[in-house]
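>>> turn this into a model:
(chains A and B)
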Protein chains: 2
Amino acid sequence: MFEQILQTHSFEPILLEKAKGSWVWDVDGKKYLDCVSGTWCTNLGHNHPRIMQAMKDQMEKLIHRSMWFLTPVTIEAAEKVLEFVPKNYDAVTFLQSGSEVVEYAISFSQNVTKRRKILSLKDSYLGAFGLAKQSSYHSGVASKLKIPYPICSTPNCSCLDEHNELIEHISKKYVDELACFVLEPIMVSGGILKPCKAFIEKLCKELQSAGVLLVSNEVTCGFGRTGKSFGFEHFDIRPDIVAIGKAMGNGYPVSAILTNNQLADGLSPGEMYYAQSHQLDPLGAVVAKTVVDVFVEEQIVKKSQSKITQIRNIFESLTHSFIKEFRTQGMLFAFVIQSHNNISSKELLVKLKYELLKEGIIAGASLGKEILRLLPPLTITDKEISILKEKINKAFDAI
Amino acid sequence: MFEQILQTHSFEPILLEKAKGSWVWDVDGKKYLDCVSGTWCTNLGHNHPRIMQAMKDQMEKLIHRSMWFLTPVTIEAAEKVLEFVPKNYDAVTFLQSGSEVVEYAISFSQNVTKRRKILSLKDSYLGAFGLAKQSSYHSGVASKLKIPYPICSTPNCSCLDEHNELIEHISKKYVDELACFVLEPIMVSGGILKPCKAFIEKLCKELQSAGVLLVSNEVTCGFGRTGKSFGFEHFDIRPDIVAIGKAMGNGYPVSAILTNNQLADGLSPGEMYYAQSHQLDPLGAVVAKTVVDVFVEEQIVKKSQSKITQIRNIFESLTHSFIKEFRTQGMLFAFVIQSHNNISSKELLVKLKYELLKEGIIAGASLGKEILRLLPPLTITDKEISILKEKINKAFDAI
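Got it, this is the predicted structure:
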């Protein structure tokens, strides 16, 4: 099936052709509540009218230009994004993909520090290729420094008692070789896992004081997905570099990297050099600018809090015995599935996904991790939450 | 200046805000003939009406969806692109950037062959990051196999006499370790350099017969830029993988990788796995489909031949003594600049670029290579060619 498409991954036997807000429609007219927000991108819902209009207006003017020239909307977008991301970054560039900005952040860190190694938490997803991939859980490269970490949400935890040794070990053994610590604040692909606040803060403090750069991978975590505007705000830290993507484009391919000009001070033009066909293009810029405008003017993050609570309450009330664990953080939800009645967890997960699809709910299934994952748009309405409640109950009961 | 933009490269002190066909306008209303086609992307001219309309129509339906689903327009675009690229490839995937498709081609080759090394010609530009960058001329990584090659355009040349030894050396010493030979058929960033036909054909034959995969980097060469639809058509070769980008989007960020499903037969899902936020998204697909439609229906490549001849004749007639060499291949033109009257080649090149800009012509200047480079759109009109002639004469005379 779909033999004209390279099978980089599998595809559902359903063709989608229309979308609006929280909904997508297949070619037969059946509609689905998109509880994965596209590929975790449409935090504002599909085909947001303000974004579509801004794109159309920009398309009357300029969508692309030579990389040696800037455009007014690119500068406007840069200023808006720099203002929207907390902690006062002063320089940004726009690229296309999330992987690319994390990869650039790593390479930039290596150039700044003149060190090579990269540290990450073992369940992080950092990118689809290159060093970003190698430092991610899904890569087969074992030589990278992917460390364990404590998970907890207790304010006065004892995690540090157990993990101080690890932090000290890294400080002593690796710190002189480490270019950066790439943190995915909440590990989303890895399973909606939030590392212990005290651990992260201590680790970052130790590393940054030794000149290791802190990169925050906000590609999925950014733009309100974790309940705060950016994932790193869950910790008392200040990343040196922030990589954003996905929701900044709300369906359009645009990503960004933020840092401070002073970090680049010692770099030669050759070390700084990066140029891509669509870097800083005005069409991506107008999308980024409009997405930020909508987030700010419509107080999207603040207003999403009550939706998050509603959905969390609904999901927490599910007591089906194949649910091993429920994980949540902001507008991120995951059910860890366990085998039940002699049916394997894998089989149950696939069944769940298709029962939900039958009911008109798109959810994600991570087979390796036995996780059913839901990332609804932040703009989901109360009525849509009621529908989600009814459908998910029906699908779960049908198993 | 522009301190809010990360200085990955320098920017001209002119803000662009509008474009149409071969022209772009700055914020003061001054218009420029865009002889670099954006970032070598708008082979059909800026804001092509059919492409803009197709995008707007698609924006009424669906621009983005979960990576696990396909859309009718994605499949249609896949079929069109597979039909448009010669030599019968049977599978394609769409990504965003040219660097990314070359990088995927390399990684795919490594997985298929279970070999690691990459061969390239020493003046190739293959990408902005990762192994694609490391195998490019602009990378500082010297350990990669970047080989010299003969340049000639004589049908019965004697290049092989001189270079047979190199081919044999590679065959004997490296062939068992080589995953792929990544060929940029005409090295554009490297300086508009065309390798000898006999050399490339012999090298490809030797390598492919030993199981080395041939990747054609058509990111810049594709879609008529070199005078043929695709750059590899200048040689009697059949690449195993074709990487395309830039002009397939005509200003929109979409790229593609083409190959044959049978190549992937032995790969595990983990080895095949690749997934990006906007991979196979319908908005990029509708652009790719429409660009192919325009190329086919309007016979763009065929019709560009007379424009190419006209521009070549104009440029060849320039005899200014600072011109060291004129290079051309299809709609690619380069003047190599030499020092003159005690003014360095670098200074002359910068002066030339700004004289042209003053006259309303955007051209590219490669300072390291002392090259003035022009890549006008394939759709440049006869009237625009007259303007180019007048302006380039004026600018060159002013030096």
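
>>> which single residue in the stretch 51-200 of chain A comes nearest to chain B?
The minimum distance from the stretch 51-200 of chain A to chain B, using CB to the nearest CB, falls at residue A:64 (3.4 Å). For glycine as for every other residue, the C-beta is placed from the backbone atoms N, C-alpha and C.

>>> residue A:352 - that's part of a helix, no?
Yes: assessed with DSSP: H, G, I helix; E, B strand; the rest coil, residue A:352 lies in a helix.

>>> ok, for the residue of the stretch 51-200 of chain A closest to chain B, nearest residue in space, not its chain neighbours?
If the residues on either side of it in the chain are set aside, residue A:64 comes closest to residue B:251, at 3.4 Å by CB to CB, 6 or more residues apart in numbering or on different chains.

>>> contacts only, for the one you found.
The contact partners of residue B:251, taken as CB atoms under 8 Å, 6 or more residues apart in numbering or on different chains, are A:63-64, A:281, A:283, B:38, B:41-42, B:46-47, B:51.

>>> host element of it?
Mapping residue B:251 onto the secondary structure by DSSP states H and E places it in no helix or strand at all.

>>> okay, now the residue nearest to residue A:393 when sequence neighbours are not counted: neighbour count?
For residue A:393, the nearest residue in space outside its immediate sequence neighbours is residue A:318; the separation is 7.5 Å by CB to CB, 6+ apart. Using other CB atoms under 10 Å in any protein chain shown, residue A:318 has 14 neighbouring residues.

>>> give me the pLDDT for residue A:318.
We have a pLDDT of 97 for residue A:318.

>>> so it: helix, strand or coil?
From three-state DSSP, the assignment for residue A:318 is coil.

>>> for it, what are its contacts?
If you count contacts by CB under 8 Å, 6+ apart, then residue A:318 has A:326, A:335, A:392-393, A:396 around it.

>>> any idea where the strands of the stretch 101-250 of chain A begin and end?
Counting by DSSP state E, counting those that start in this stretch, the stretch 101-250 of chain A has strands at residues A:117-121, A:145-147, A:178-183, A:213-217, A:241-244.

>>> now those as a markdown table including mean pLDDT, mean neighbour count and distance to chain B?
Output for these, formatted as a markdown table (pLDDT from 0 to 100; neighbours: other CB atoms under 10 Å in any protein chain shown; distance: least, CB to the nearest CB, whole Å):
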| stretch | mean pLDDT | mean neighbour count | distance to chain B |
| --- | --- | --- | --- |
| strand A:117-121 | 97 | 24 | 14 |
| strand A:145-147 | 94 | 18 | 17 |
| strand A:178-183 | 98 | 26 | 15 |
| strand A:213-217 | 98 | 29 | 13 |
| strand A:241-244 | 98 | 28 | 10 |
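
>>> need these in JSON lines (columns: distance to residue B:83).
Conversion of the strands of the stretch 101-250 of chain A to JSON lines gives the following (distance: least, CB to CB, whole Å):
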{"stretch": "strand A:117-121", "distance to residue B:83": "43"}
{"stretch": "strand A:145-147", "distance to residue B:83": "44"}
{"stretch": "strand A:178-183", "distance to residue B:83": "42"}
{"stretch": "strand A:213-217", "distance to residue B:83": "39"}
{"stretch": "strand A:241-244", "distance to residue B:83": "38"}
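
>>> tell me which residue is most central in chain A.
Residue closest to the mean C-alpha point of chain A, counted by CA atoms, centre = their mean, is residue A:220 at 0.8 Å.

>>> and that residue, what does it touch?
Residue A:220 neighbours (CB under 8 Å, 6+ apart): A:40, A:98, A:125, A:184, A:188-189, A:246.

>>> what's the answer for residue A:41, then?
Counting by CB under 8 Å, 6+ apart, residue A:41 has contacts A:246-247, A:249-251, B:64, B:277-278.

>>> repeat the analysis, applying 7 Å as the threshold.
When contacts are counted by CB atoms under 7 Å, 6 or more residues apart in numbering or on different chains, residue A:41 touches A:246-247, A:249-251, B:64, B:277.

>>> so what's it closest to, chain neighbours aside?
Once flanking residues are discounted, residue A:41 sits nearest to residue A:246: 4.5 Å by CB to CB, 6+ apart.

>>> isn't that neighbour right next to residue B:67, touching?
No: Residue A:246 sits out of contact with residue B:67 when judged by CB atoms under 7 Å, with a separation of 11.7 Å.

>>> report the buried residues of the helix or strand hosting residue A:306.
When elements are assigned from DSSP H and E, residue A:306 belongs to helix A:300-316. Residues of helix A:300-316 classed as buried: A:300-301, A:304, A:307-308, A:310-312, A:314-315 (neighbour count, 16 or more other CB atoms under 10 Å in any protein chain shown).

>>> cool, thanks, signing off.
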